[in-house]
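[1] Structure for this input, please:
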Amino acid sequence: MLVDAHCHLDFAHFDGDRTEVFKAAKAVGVAHFVVPGTTRSRWQQVLALAERADTSVCLGLHPYFVEQHQEVDIAALDHMLSHYSEVVAVGECGIDGRFSDTLEAQWYYFDAQLALAKQHGLPVVVHCVHANDQVAKRLRQLKLPKAGLIHAFSGSIEQATKFLDLGFKLGLGGAVTYERARRLHRTVAALPDNAFVLETDSPDMPLSGYQGMRNEPCRISQICAVVSKLRGQSENHVAAQSSATATQLFDLNFTKC
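    Here you go, the predicted structure:
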């Protein structure tokens with residue numbers, strides 16, 4: 001059994017063939033999907049996917065779309081978290097250091113969502129690009145009771161350890177499939193079995209050999225194969241361990257999986 005712990009299946013990229021995308025993933029052993037929110041305008045599309053027995057959802061405000069967010073969205077998110085028990089985490093939220101001109105606003109929305117996660121007793125799904133040390137420092141200050149997921153981790157083992165010591169898990173995706181990602185390869189090889197989950201970030205974060213193409217959850221089996229090779233473990237072992245970690249992290253319902 002595989003769990004795709006981060007895939008944006010609500011996006012319009014899948015409007016024409018969403019059913020077929022789910023079927024293709026099931027055909028390679030993907031049993032469950034975790035879909036994060038990105039903007040308030042998309043929350044209803046995300047929640048609609050929670051009606052599926054094989055899908056869990058998160059709600060949040062993504063830093064990439066910070067210019068679309070409004071201050072009232074924080075109160076709206078608080079309301080949604082109070083009224084929709086099917087939401088398993090707050091996110092996708094975080095910091096993207098590539099966009100220095102919006103960093104002040106990014107930190108405002110990130111801090112507000114971390115406070116909501118703490119208030120509602122939920123884990124967070126963290127987008128962290130070129131900001132590992134700063135984000136780890138903020139998370140250490142807040143001491144979130146449920147920790148969460150550092151999505152699309154690509155840092156060093158030293159940076160990984162900072163997050164792991166705080167109770168967070170690391171998301172491993174398409175980046176591990178690139179030959180040039182040697183630092184990440186060393187990190188993956190050194191991680192404890194319960195430190196990571198597998199994810200695709202579909203439709204983004206394409207695997208090596210699929211550049212320029214829409215990413216899909218069915219390719220998580222290829223990510224699993226690469227991680228297995230890097231760690232010297234069987235694919236069955238990596239699939240079972242990462243799925244168990246995702247299940248524990250998001251408190252996934254085994255009857256749904």
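[2] Identify the single longest strand in this structure, thanks.
    Longest among the strand segments of the chain by residue count, using DSSP state E, is strand 87-96.
[3] the strands in the stretch 1-150 of the chain, which residues?
    Using DSSP state E, counting those that start in this stretch, the strands found in the stretch 1-150 of the chain span residues 2-4, 30-35, 55-59, 87-96, 124-129, 148-151.
[4] Distance to residue 219, mean pLDDT and mean neighbour count for those - can I get that in TSV?
    Using the backbone N, CA and C atoms, a C-beta is placed for each residue, glycine as well. Listed next are those as TSV, based on distance: least, CB to CB, whole Å; pLDDT from 0 to 100; neighbours: other CB atoms under 10 Å:
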stretch	distance to residue 219	mean pLDDT	mean neighbour count
strand 2-4	9	98	28
strand 30-35	10	98	24
strand 55-59	18	98	26
strand 87-96	19	98	26
strand 124-129	20	98	27
strand 148-151	16	98	28
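[5] Indicate which one of these is closest to residue 251.
    strand 87-96 (6.3 Å; CB to CB).
[6] Relative to that closest one, what are the paired strands and their orientations?
    Strand 87-96 sits in its sheet next to strand 55-59 (parallel), strand 124-129 (parallel), going by DSSP bridges.
[7] That one: how far from the chain's middle?
    8 Å (CA atoms, centre = their mean, to the nearest Å).
[8] With stretch 180-196 instead?
    Centroid separation between stretch 180-196 and its chain, computed with CA atoms, centre = their mean, is 17 Å.
[9] Could you do stretch 93-106 as well?
    Relative to the centre of its chain, stretch 93-106 is centred 18 Å away, using CA atoms, centre = their mean.
[10] What of stretch 234-250?
    That offset, for stretch 234-250, works out to 14 Å (CA atoms, centre = their mean).
[11] Would you mark the buried spots in it?
    Within stretch 234-250, the residues scored as buried using 16 or more other CB atoms under 10 Å are 235, 238, 239, 241, 242, 243, 244, 245, 246, 247, 249, 250.
[12] got a list of what the nearest residue in space to residue 27 that is not next to it in sequence touches?
    Leaving aside its sequence neighbours, residue 27 sits nearest to residue 218 (CB to CB, 6 or more residues apart in numbering; 7.0 Å). Going by CB atoms under 8 Å, 6 or more residues apart in numbering, residue 218 touches 21, 24, 25, 27, 28, 30.
[13] List only buried entries from those residues.
    21, 25, 30.
[14] mind giving me a markdown table with the strands paired with strand 87-96 and columns for distance to residue 176?
    Formatted as a markdown table, those follow (distance: least, CB to CB, whole Å):
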| stretch | distance to residue 176 |
| --- | --- |
| strand 55-59 | 22 |
| strand 124-129 | 16 |
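[15] Residues touching stretch 19-32, excluding its own?
    1-4, 9, 14, 33, 52, 54-56, 202, 216-218, 220-221, 239, 243, 246-247, 252, 256-257.
[16] To clarify, my last question referred to stretch 99-111.
    Outside stretch 99-111, the residues touching it (CB under 8 Å, 6+ apart) are 61, 63-64, 66-67, 69, 73-74, 93-97, 138.
[17] one more time with 10 Å, if that's ok
    Here stretch 99-111 makes contact (CB atoms under 10 Å, 6 or more residues apart in numbering) with 60-67, 69-71, 73-74, 77, 93-97, 124, 126-131, 134-135, 138, 142.
[18] Report the buried members of these.
    60-66, 69, 73-74, 77, 93-96, 124, 126-129, 131, 135, 138.
[19] Which residue ranges of this structure form helices?
    18-27, 43-49, 72-83, 103-120, 132-142, 157-165, 182-190, 220-231, 235-250 (DSSP state H).
[20] just checking, residue 52 touches residue 35?
    Yes. Counting by CB atoms under 10 Å, residue 52 touches residue 35, with 9.5 Å between them.
[21] any shared contact partners between these two?
    Listed as contacting both residue 52 and residue 35 by CB under 10 Å, 6+ apart are residue 9.
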